[in-house]
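Enquirer: need a structure here:
(2 chains)
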Amino acid sequence: MRILPLRSAVTVGAVTLIGLGTAGAFFPGPAFAKANAQVTVVHGIPGQPVDVYVNGEKTIPDFEPGKVAGPLSLPAGQYDIALTKPGDAIGEALLSVDDAEVPGDANLSLVAHLSADGEPTLTPFVNDTAKLAAGKTRLIVRHTAAAPAVDVRAGGEPVFEGLTNPKEAKADLGAGTVSADVVLAGTGTRVLGPADLDLAEGAATIVYAVGSAEDETLGIVSQTITGLHSAPGGVPSGDGGRADRGAALPWYGAGAAGILLLLLGLARLATGRR
Amino acid sequence: MSLLDHRGTPRSRPGRTVPLLAAGVVLAVVSGLAVWRSQPADDFGQPVVATLASSAPSAATVPIIDGRLPTATATDAPARLRIPALRLDAAVDAVGIDAKTGEFAVPPSVDRVGWYRYGPGFAATAGSIVIAGHVDSAAAGEGAFFRLGSLGAGDVVTLTGPGERARTFEVVARERYRKTAIPLRKYFARDGAARLTLITCGGPFDSRTRHYRDNVVITAAALVR
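Expert: Numbers count the residues shown, from 1 in each chain, chains lettered A, B, ... in the order given. Now for the predicted structure:
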């Protein structure tokens, strides 16, 4: 076989890789089948318990406002979702979405909430489940209330500004407790809080502002996603060197000298016998 | 002496050969022993660690929970670590991450050991309770975990929790990894069987960087009583 010059071999390899990658992206075969999506359902419409139907099947009966259900493990595809008053037929749904796209291998939150102008609606959010560095936590705030733009403050300082329905803001922070409140954007007018948020290490805490400012039903629903932790970068636990039991060089030297002496002695014996 | 040299040439006089041989044997044997004794004890129990780390699949139900804000969970920090085989009885500090390095914040005092407060705690029913301690320090000498690497299978480790409660573990594995290759993820797992993981430094010491090359890891399984 002719040996390719290094550079052209690298080029051929890179082109092949790019080709394979592109092919994989355009023709996902069974080998590329994705894992199920994890779907959590959040109820943020005050005063109205519901039954949740997924593809015509009652999946979460008597789902109370302020509660969080799931996660449901759903294969990628399109889903019909309907919310009815408890016990009502699916035909009399309060709220329904047909052919909602659920991507594979994703973590979603499906939130029943009020739009900015107070209409019940369903909004899907994709949850950021990227691994966190050791010691960190993720705070995600979602505006799903019938209320104007708001600022979210931690310890009195704005951290997320001008958040509107149905948007989210997020940040990775050091784990621990923060005192947070929500004010009308650009003002000091508090609409929610203050509340102590205990942000657990290695977890994402998702806080939903729900309800209606006009009806004075503003409140908070929260969802936690755990298991996003990472191990520390290392465990440095000694800088003295006393525990180094590696054989010291002098011992190897002594051993070698001993063997040399032995050989010399044997050689003498051998020559002596001759 | 039957090997007397009748020709009497000085180069091959047996009177000098015998001490030479004896000295050679002694030197070779002594240094061989020293080298052999300095070899670290062998690892054991790796398959057990893998088994402990695997978690059972969860049931397929749709749990419904209250969407209230999470509240600070009750702390169950271990207070003391006792290892009779090492005559060790050390205070346990709750520690996290060194913000500068992103590494485990091992307590600076070599007499104390650190429990990783973000991971499973004293009463954990699943996952790895991690405690790390100094093998030694340049300033303070031998640390609490100086002889950790000599623990053997079946040695008992006792953790004392809040309110003098005690929990007993039994050593099932001892492993040594280069720090660059250690699967820390496995030892800091929060799922799998409840177990205690003790970590310190070991292996060759680089006196220029003041770092040990390896980590020594002891895994102890929770004894079910």
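Enquirer: tell me where the stretch 101-250 of chain A has strands.
Expert: A:107-114, A:120-126, A:136-143, A:150-154, A:157-163, A:168-174, A:176-184, A:190-199, A:204-210, A:219-225 (DSSP state E, counting those that start in this stretch).
Enquirer: kindly report the same for chain B.
Expert: Taking DSSP state E as the test, the strands found in chain B are B:64-66, B:80-83, B:88-95, B:113-116, B:128-133, B:136-137, B:141-142, B:156-160, B:166-178, B:195-206, B:211-222.
Enquirer: residues contacting the residue of chain B found nearest chain A?
Expert: Residue nearest to chain A within chain B: residue B:27 (2.7 Å; C-beta to the nearest C-beta). (C-beta placed from N, C-alpha, C; glycine too.) Going by C-beta atoms under 8 Å, 6 or more residues apart in numbering or on different chains, residue B:27 touches A:254-255, A:257-259, A:261.
Enquirer: those residues: which ones sit near chain B?
Expert: Filtering the contacts of residue B:27 for neighbours of chain B using C-beta under 8 Å from any C-beta of the partner chain leaves A:254-255, A:257-259, A:261.
Enquirer: buried ones among those?
Expert: In the ones next to chain B among the contacts of residue B:27, burial by neighbour count holds for A:254-255, A:258-259, A:261, counting by 16 or more other C-beta atoms under 10 Å in any protein chain shown.
Enquirer: for residue B:94, grab the count of nearby residues.
Expert: 15 (other C-beta atoms under 10 Å in any protein chain shown).
Enquirer: beta-bridge partners for it, please?
Expert: Per DSSP bridges, the residues bridged to residue B:94 are residue B:115.
Enquirer: for residue B:68, give me the pLDDT.
Expert: pLDDT for residue B:68: 88.
Enquirer: pLDDT-wise, which helix or strand of chain A ranks last?
Expert: The weakest-scoring helix or strand in chain A, judged by mean pLDDT, DSSP states H and E, is helix A:6-26 (a mean of 44).
Enquirer: following it, which helix or strand shows up next?
Expert: The helix or strand immediately downstream of helix A:6-26 is strand A:37-43, counting by DSSP states H and E.
Enquirer: and the helix or strand that comes right after that next one, how far out from the chain middle?
Expert: Later in the chain than strand A:37-43, the nearest helix or strand by DSSP H and E is strand A:50-54. With C-alpha atoms, centre = their mean, to the nearest Å as the basis, strand A:50-54 stands 26 Å off its chain's centre.
Enquirer: give the rounded mean pLDDT of strand A:50-54.
Expert: Strand A:50-54 comes out at a mean pLDDT of 94.
Enquirer: so which elements touch it?
Expert: strand A:57-63, strand A:67-74, strand A:77-84 (3 or more C-beta pairs under 8 Å, 6 or more residues apart in numbering or on different chains; DSSP states H and E).
Enquirer: can I get the ones you listed in a markdown table including distance to chain B and mean neighbour count?
Expert: Below are the helices and strands packed on strand A:50-54 laid out as a markdown table (distance: least, C-beta to the nearest C-beta, whole Å; neighbours: other C-beta atoms under 10 Å in any protein chain shown):
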| stretch | distance to chain B | mean neighbour count |
| --- | --- | --- |
| strand A:57-63 | 6 | 16 |
| strand A:67-74 | 4 | 20 |
| strand A:77-84 | 14 | 18 |
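Enquirer: now the ones you listed as TSV including mean pLDDT?
Expert: Listed next are the helices and strands packed on strand A:50-54 as TSV, based on pLDDT from 0 to 100:
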stretch	mean pLDDT
strand A:57-63	92
strand A:67-74	92
strand A:77-84	94
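Enquirer: so which of the ones you listed comes closest to residue B:40?
Expert: With C-beta to C-beta as the criterion, residue B:40 lies closest to strand A:67-74 of these, at 45.7 Å.
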